[in-house]
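Novice: below are the sequence and a predicted model for it; my questions follow.
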Amino acid sequence: MQTIIKKGEWKYSGNTYLPILLVEQDWDRFYEQGYRHVLSHINKKGLEYYLHFGRYFINESGYISSDSSSKPFLSIEEAMDFAQRNIEILNWIPEENN
């Protein structure tokens, strides 16, 4: 299961701003023998976090598909820190508007 935690926009180029999402993801969606090598990326609650960049849509199963996504993070704080350090201009939408 995927849940959008935070929405915003980031400066892509010039005057172009694109969407950014912080997404919480349940490991169960990926449980297969072939994924055992990524178990180190999952926190104790069985969750991981991703940043999704650019245009996106939510498919019929409720999963997000976007232009690009980040590596997995173990916490919201880790993902937010990465975004703040690596994106020149980043504007998160206030919580009440998400």
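Specialist: Yep, it's here. These figures come from a predicted structure and were not determined experimentally. Residues are numbered from 1 along each chain as shown.

Novice: from Gly8, how far out is Ile87?
Specialist: 9 Å (Cβ to Cβ, to the nearest Å). For every residue, glycine as well, the C-beta is placed using N, CA and C.

Novice: that should have said Pro19, apologies.
Specialist: In terms of Cβ to Cβ, Pro19 sits 7 Å off from Gly8.

Novice: could you check which of the two is surrounded by more residues?
Specialist: Comparing Pro19 with Gly8 by neighbour count (other Cβ atoms under 10 Å), the higher total belongs to Gly8, at 19 against 16.

Novice: for the more buried one, name its beta-bridge partners.
Specialist: On the basis of DSSP bridges, Gly8 is bridged to Ile20, Trp92.

Novice: list the contacts for it?
Specialist: Residues near Gly8 by Cβ atoms under 8 Å, 6 or more residues apart in numbering: 19-21, 90-93.

Novice: let's go with 6 Å and repeat that
Specialist: Gly8 makes contact with 20, 91-93 under the criterion Cβ atoms under 6 Å, 6 or more residues apart in numbering.

Novice: just the buried ones from the residues you listed, in ChimeraX syntax?
Specialist: The buried subset of the contacts of Gly8, as determined by 16 or more other Cβ atoms under 10 Å, is captured in ChimeraX by this line:
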select :20,92
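
Novice: which pair in the contacts of Gly8 spans the largest distance?
Specialist: Greatest spacing in those, by Cβ to Cβ: Ile20 and Ile93 (9.8 Å).

Novice: closest to Glu48 out of the contacts of Gly8?
Specialist: Among the contacts of Gly8, and counting by Cβ to Cβ, the member closest to Glu48 is Ile20, at 17.1 Å.

Novice: how close does the closest one get to Ser70?
Specialist: 10 Å.

Novice: same check, this time on Glu78
Specialist: Distance from Glu78 to Ser70, by Cβ to Cβ: 10 Å.
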